[in-house]
Every structure is written in C-alpha cells, then in structure tokens.
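J.: Sharing a sequence plus its predicted fold:
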Amino acid sequence: MNHEELIYQRIGEFTVSFQWIENKLREIGWFILDPVRLNWPPADLRNLTNEKLIDQVHGLFVQALPKCQLPQELESDFKELFESSAKLLHQLRRDRNRILHSAFIELRAGGEVQGILRSNPKLNRPGF
C-alpha cells in the first residue's frame, strides 16, 4: 500500500472509530432513559447531531447521578470525569468535522504522489 492509500485508510479508520464512540454514547443515554428497556428500540437520541448528543447525554448523566446515592466525593468525581469526557468528545467532533469536510489534494510529479495537501473548503471572509 502506498503512502496516500495509508492516509485515506487512516481517515476511514478514524471515521469508523468515531461512529463506534458515538454509538456507545447513545447507548449510555438510552440506558439512563430506559434501564430495563421497556421501549425498545428507543426513539430518543437517534436524530441528534453529535454536538447535541454529547450535551444531552452529559445532561442526562448529571441528572441521573444523584439517584445512584453515591458518597458525595465519588459523585463529584463521576461528574468531573464525565464533564472532562464531554469536552474531549467535543474536541474529537471538531477534529472529525475538520478532517471529513476537507478537500485532499494530491501533489503529483513524475506520475507519482509527492504529497497530499489538506484544504479547508470553508471561506472565512469577514462580512460574509
């Protein structure tokens, strides 16, 4: 496999991994909403953007945590960890969007790819 094929393969692997993480996050939300699966398959959380999914599951987690009746210190730790995870997931989402919404331009010379340039197709022009 040549260099550019490996780059495209890694982009695909990143995309599939991201989708797996997104699905696990949705499953956490579904478990909080319906732990005994009375209404399966769930309709909630299916049509949310990834940004809204992260925020909504984070909110559900924070609301459900007191019901666990954990010691206050442990509850605070869980809240802090989930908050940190939500921030990391938002950064991962931004990274995914930047990669997947980019144009990749192959720079060729002598019939071979000498490099690949990632270009952000968004126009950032003031006043527009």
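T.: Arrived safely, thanks for sending. Being a predicted model, the structure only gives us computed values, none of them experimental.
J.: List the buried residues for stretch 83-96?
T.: 86, 89, 92-93, 96 (16 or more other CB atoms under 10 Å). C-betas here are computed from N, CA, C, even on glycine.
J.: nope, stretch 67-86 is what I meant
T.: For stretch 67-86, by 16+ other CB under 10 Å, it's 82, 86.
J.: Show the average pLDDT along it.
T.: Across stretch 67-86, the average pLDDT comes to 96.
J.: Can you show me the strands along the protein?
T.: Using DSSP state E, the strands found in the chain span residues 103-109, 112-119.
J.: okay, those strands in a markdown table with mean neighbour count next?
T.: Shown next, in a markdown table, are those (neighbours: other CB atoms under 10 Å):
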| stretch | mean neighbour count |
| --- | --- |
| strand 103-109 | 11 |
| strand 112-119 | 11 |
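J.: Please flag which of the buried residues of stretch 83-96 sit within helices.
T.: Judged by DSSP state H, the subset of the buried residues of stretch 83-96 located in helices is 86, 89, 92-93, 96.
J.: before we move on, the earlier item: which among the strands of the chain is found nearest to Asp77?
T.: strand 112-119 (38.7 Å; CB to CB).
J.: ok, back up a step: a markdown table for the buried residues of stretch 83-96, including distance to Gly59?
T.: Listed next are those as a markdown table, based on distance: CB to CB, whole Å:
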| residue | distance to Gly59 |
| --- | --- |
| Ala86 | 10 |
| Leu89 | 13 |
| Leu92 | 19 |
| Arg93 | 16 |
| Arg96 | 22 |
